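Engineer: sequence plus the predicted model coming up.
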Amino acid sequence: MSSSSVSYFINLSHVVTIYFGLTILVAGVVGGLLNLTVFLSLRTFRQNSCAFYLTIMSFANIIHLMTGLTSHIVINGYGIDWGGYSIVYCKVRLYLIQLSILMSFTSICLAIIDQFLATCHNPFYHRWSNIKLARYILIGFLLFWLLHGIPFALYFNVVISLININQLTCAVTNVTFQKYFNFGFVLVLIGILPLTIMTLFALLAYTNVQTLGYRTIPLVRRELDKQLTHMVLVQAIYSFCILLQYVITTVVLYYVSPTDRTNFISVLSVTIHNCYFAGAFYIYMCVSKRFRQQFKHVLYHNHFCKQIRRKIINNQTLPQISDT
């Protein structure tokens, strides 16, 4: 490969990472915060198990964007690896990245499973869809993923870069854990496993919701189930496309010799993979008219109007003049 082609792919990697990555970062953090605002402001969502999972997912997405995507932009866009300067930052960053990714995928998978249970014909499955059980399940997964992250904190260390001997980088120093990281974590836990679960239960939930109108359940609950099912189904399709390209790219690049061209493909694939963590709010706004109305209600009535009322009350309050 000519030197001009090499520099072209290096520059292209930088441009894609900086501009595409920064767009995803800003849009994702803003969308995640707006998601949390809606889910936490309305009692309808606070008392619903599926919405609870989506709330935790939004929180995990923001953490990942602020840790994982930010470091991805700095390293591959600007060529600065902060992990090479501090062993504490190296370990904490990877620990938080794995925790936020796994909690996000766990939450969306549980949300889809929850909607499958909530829309089942058999009332026996409905009892498994409740907010109390959802809290216990997520606490259990949180504890499990916290323990799962211990090897990340142990085996990621500051070492001399294989590409540039004059540069330090944050990398795995244990051969056995490196194999697990490549196949168990990257390929299975954040690739094939959530892809399979989301696809399977999304299809089952879609089948259930087709006959939801014929069931004798309260209208409010029926409309909420329809809304949440449509939201998570479209998100499942969106996630399927993103995760599928990530899995295929990861498998193919493992058996290909590393070059600047393959490095660009890897950087692009990881950047696209981060779109999963940024797209939830915009998906809900596009596919659910009711969610748009709820968003307007929360933004205008619950926040904007309250601020106006506070200012009016403060302006109408007369100062007390003490007699001297």
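Structural biologist: Yep, it's here. Numbers count the residues shown, from 1 in each chain.
Engineer: CA only for contacts and neighbour counts going forward, please
Structural biologist: OK.
Engineer: how about residue 171, secondary structure?
Structural biologist: With DSSP: H, G, I helix; E, B strand; the rest coil as the basis, residue 171 sits in strand.
Engineer: confirm for me that it is in contact with residue 159.
Structural biologist: Yes - counting by CA atoms under 8 Å, residue 171 touches residue 159, with 6.6 Å between them.
Engineer: quick one: the helices in the stretch 51-200 of the chain?
Structural biologist: Applying DSSP state H, counting those that start in this stretch to the stretch 51-200 of the chain gives helices spanning 70-78, 87-118, 131-148, 150-155, 175-179, 193-209.
Engineer: comparing those helices, which comes out most buried?
Structural biologist: Compared across the helices of the stretch 51-200 of the chain, helix 87-118 shows the largest average neighbour count, a mean of 23 (mean count of other CA atoms under 10 Å).
Engineer: tell me which strands and helices that one is in contact with?
Structural biologist: Applying 3 or more CA pairs under 8 Å, 6 or more residues apart in numbering; DSSP states H and E, one finds that helix 87-118 makes contact with helix 49-64, helix 131-148, helix 150-155, strand 156-160, helix 193-209, helix 219-254.
Engineer: please name whichever of the helices of the stretch 51-200 of the chain is nearest to residue 47.
Structural biologist: helix 131-148 (6.3 Å; CA to CA).
Engineer: what does stretch 114-130 contact?
Structural biologist: Residues outside stretch 114-130 that contact it (CA atoms under 8 Å, 6 or more residues apart in numbering): 48-50, 201-202, 204-205, 208-209, 212, 215, 225, 228-229.
Engineer: got the end-to-end distance for that stretch?
Structural biologist: One end of stretch 114-130 to the other measures 9 Å (CA to CA, to the nearest Å).
Engineer: let me see the mean pLDDT of it.
Structural biologist: Stretch 114-130 comes out with an average pLDDT of 87.
Engineer: gap between that stretch and the chain center?
Structural biologist: The gap between the average C-alpha position of stretch 114-130 and the chain average comes to 25 Å, counting by CA atoms, centre = their mean, to the nearest Å.
Engineer: what's the mean pLDDT across stretch 260-268?
Structural biologist: Here the average pLDDT along stretch 260-268 is 87.
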